[in-house]
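In: Turn this into a structure:
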Amino acid sequence: MVGSLRFAAVTAVVALALLSGGTQPASAQAASSPIAVVDVQGALRSSDAAKEIQTKINERRQAYQRQVSEEEKALRAAEQELQQQRSVLAPEVYQQRLRAFRDRVTGVQKSVQERRRALDQAFTTAMNKVRDVLVSVIAEIADERGAQVVLFKEQIVIAEKSLDFSDEALRRLNQRLPTVPVDLPPLD
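Out: Below you'll find the model as predicted:
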């Protein structure tokens, strides 16, 4: 219901804008149109800074995966050793070692979750910096073009191509923010 209302409202605004400027050529319409369209998600995905962030996050994730693989290998070896010792250990000693082993497994699982959470947080923080600069770039271009409303391209069905300034926004974003520092969690 809310999505239908939003779609209807966006459609009405776009139709009104197109009707109000329908007698002007497309280039004049874009320069003075009260509405503009931007592919925000595309700009966020395609920006140089976002690509670098993703590369850094992926590299750290792979490094963590190598560490986890080593930890899993060590856990399998410890489990096999514990199983081999089961017949020669007193039951209470075996139970004590089994508890210690399970605690170790739980510790590794918690460590993996903490690493994942830390990477997600590092990614979110860095991408928020990109998003903030993109919003400022979009506001700047909208002001230059006299646009009073900027709509997400993803939510528009049909719009005059001249209303779309996604390429310009991406170009300025890349100029203004070619890279973003990523606060990566340390390797253990």
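
In: ends of stretch 161-172, how far apart?
Out: 19 Å (Cα to Cα, to the nearest Å).

In: residues in contact with it?
Out: Applying Cβ atoms under 8 Å, 6 or more residues apart in numbering, the contact partners of stretch 161-172 are 26-27, 29-30, 33, 35-39, 42-43, 46-47, 134, 137-138, 140-141, 145, 153. (C-beta placed from N, C-alpha, C; glycine too.)

In: Give me the mean pLDDT for it.
Out: The average of the pLDDT scores along stretch 161-172 is 94.

In: So which bits of that stretch are buried?
Out: Of the residues in stretch 161-172, those scored as buried under the neighbour-count criterion (16 or more other Cβ atoms under 10 Å) are 162-166, 169-170, 172.

In: Now do the longest helix seen in the chain, average pLDDT.
Out: Using DSSP state H to assign secondary structure, the helix with the most residues in the chain is helix 91-145. Averaging the model's pLDDT scores along helix 91-145 yields 94.

In: Also stretch 58-74?
Out: Mean pLDDT, taken over the full extent of stretch 58-74, equals 94.

In: how about that stretch: buried residues?
Out: 60, 64, 67-68, 71.

In: what's the one helix or strand S69 maps to packed up against?
Out: When elements are defined using DSSP states H and E, S69 is found to belong to helix 48-85. Here helix 48-85 touches helix 91-145, helix 166-176, going by 3 or more Cβ pairs under 8 Å, 6 or more residues apart in numbering; DSSP states H and E.

In: Go again with 7 Å.
Out: For helix 48-85, the packing partners by 3 or more Cβ pairs under 7 Å, 6 or more residues apart in numbering; DSSP states H and E come out as helix 91-145.

In: number of nearby residues for the closest residue to V105 other than its chain neighbours?
Out: Closest residue in space to V105, ignoring its immediate chain neighbours: L75 at 6.1 Å, by Cβ to Cβ, 6 or more residues apart in numbering. When neighbours are counted by other Cβ atoms under 10 Å, L75 registers 14.

In: With P91 instead?
Out: For P91, using other Cβ under 10 Å, the count is 8.

In: so how far is L98 from it?
Out: 10 Å (Cβ to Cβ, to the nearest Å).
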